[in-house]
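Trainee: Coordinates for the following, if possible.
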Amino acid sequence: MFRSLKRLGRRRSLRRGILAGLAGGLAGTVAMTQFQNGWNKLSQSSSNGSGSQSDKSERSDPEKEDATMKAAGKLAEAAGYSLPHQTKKKAGPLVHYTFGTAMGLLYGIAAEMGPRAVKRHSLLSGLGFGGAVFVLGDEIAVPRLGLSAPAREAPLSSHLYGAASHLVYGATTGVVRQAVARLL
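Mentor: Residues are numbered from 1 along each chain as shown. Modelled structure (predicted):
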């Protein structure tokens, strides 16, 4: 009897993959955002005015739009609307959290329906997933969609920041997805 119950728990479930992936993606996006906030505070406090003029102007330019703000603007344009800067600024985090949660959904499905190693090794598969989102998303898709400058034009520090942020995202997504899947 216990063997049949054990086997029942091993069955693949699309529903479990979706729910656990959504939870993992949301948690990963929260962790990534907190990591980025900490990184930015640390880099601002460590520069103490010693950063280059271009670094200072980029950080202090309130009109500068990041990729999520640009994405919000493009989505609104596709729907026939034009968003003012302040609205894009408010919509940017919504785009970020929606994208991160949606990517978690895809990871949850892949983990649930894919090879057992992905499900079993949540931290490692999560790190791989985060790395893939960084390369395919930040390094390739975002520049090609015109949401940022080409990756080759960004300084090394920007690539390191993006890679580290996405590894935090992936690790958190993987671990939380596994924890939630076990509860379901």
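
Trainee: Where does pLDDT dip in the chain?
Mentor: Counting by pLDDT under 70, the low-confidence segments of the chain come to 1-10, 48-62.

Trainee: Select the longest helix from it.
Mentor: Among the segments of the chain that qualify as a helix by DSSP state H, the longest is helix 14-47.

Trainee: Summarise which helices and strands that one is packed against.
Mentor: Secondary structure elements in contact with helix 14-47, counted by 3 or more CB pairs under 8 Å, 6 or more residues apart in numbering; DSSP states H and E, are helix 85-113, helix 122-133, helix 156-183. Bear in mind the C-beta positions are built from the backbone N, C-alpha and C, glycine included.

Trainee: Nearest to Q36 among those would be which one?
Mentor: helix 156-183 (5.4 Å; CB to CB).

Trainee: Please spell out which residues along the closest one are buried.
Mentor: Within helix 156-183, the residues scored as buried using 16 or more other CB atoms under 10 Å are 161-178, 180-181.

Trainee: again, but for stretch 65-75
Mentor: 65, 67-74.

Trainee: nearest to I109, of these?
Mentor: When the buried residues of stretch 65-75 are compared for distance to I109 (CB to CB), A71 wins out at 23.1 Å.

Trainee: Could I get the contacting residues of the closest one?
Mentor: In this structure, A71 makes contact with 92, 95, 145, 147, judged by CB atoms under 8 Å, 6 or more residues apart in numbering.

Trainee: repeat that with 10 Å
Mentor: A71 makes contact with 65, 88, 91-92, 94-96, 98-99, 142, 145-147, according to CB atoms under 10 Å, 6 or more residues apart in numbering.

Trainee: Also V118?
Mentor: 107, 110-112, 124-126, 128-129, 174.

Trainee: No further queries at this time; thank you.
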